[in-house]
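Visitor: Fold the stuff below for me.
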Amino acid sequence: MSALRLLAAVAAAWVLAIAAQATLAQSPGPVRMEPFYPTLSPWLKLYATNTGPLDNYHTFVRPELQMREMVQRQSVTNARQAAGMWQLQGELDDLHKQKAVRPTGTGSVFMNYSHYYDSRSTQARFGK
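Guide: A predicted model of the protein is given here:
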């Protein structure tokens, strides 16, 4: 009976090993590359059907162009700020290497009342 169980366990392990090899052989799928810039022109929206009081240029095209310009300006600003942060981080690292920056503040412990409650024994406090 135990030999039968051992044979079944070996067969199950063999099937699992074969299945694991098959799953490892499969690729996770194609890598999707998204373009940095929009692929469609906002001017294509000029020919969309409009149901509002404004023409298509002022409803679709102009807001899209303004948004793209704002996003471009914001990305430039973010890049400048990131460069400034990296520069400041480098200067701070240089100061730490020179040991010119000393630690500030005092050490503390959460809920430390040793200055308020006397921790001496009663004999030491009252002299008994």
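Visitor: Output the longest helix belonging to this structure.
Guide: When the chain is parsed with DSSP state H, its longest helix is helix 62-98.
Visitor: Pull out the buried positions in that helix.
Guide: By 16 or more other C-beta atoms under 10 Å, the buried positions in helix 62-98 come out as residue 64. Where C-beta positions appear, they are placed from N, C-alpha and C, glycine not excepted.
Visitor: same question for that helix, mean pLDDT?
Guide: Averaged across helix 62-98, pLDDT comes to 92.
Visitor: Just checking the distance from it to the centre of its chain.
Guide: Centroid displacement of helix 62-98 relative to its chain, using C-alpha atoms, centre = their mean, to the nearest Å, is 17 Å.
Visitor: shift numbering so it begins at 38
Guide: Sure, I'll start counting at 38 from here, so that last one is helix 99-135.
Visitor: So residue 90: helix, strand or coil?
Guide: coil (DSSP: H, G, I helix; E, B strand; the rest coil).
Visitor: Would you quantify the distance from it to residue 161?
Guide: Using C-beta to C-beta, to the nearest Å, residue 90 is found at 90 Å from residue 161.
Visitor: Comparing the two, which residue is more hemmed in?
Guide: residue 161 (10 against 7; other C-beta atoms under 10 Å).
Visitor: Tell me which helix or strand the more buried one sits in.
Guide: Using DSSP states H and E, residue 161 sits within helix 159-163.
Visitor: Closest to the centroid, which residue in the chain?
Guide: Nearest to the geometric centre of the chain sits residue 119, at 15.9 Å (C-alpha atoms, centre = their mean).
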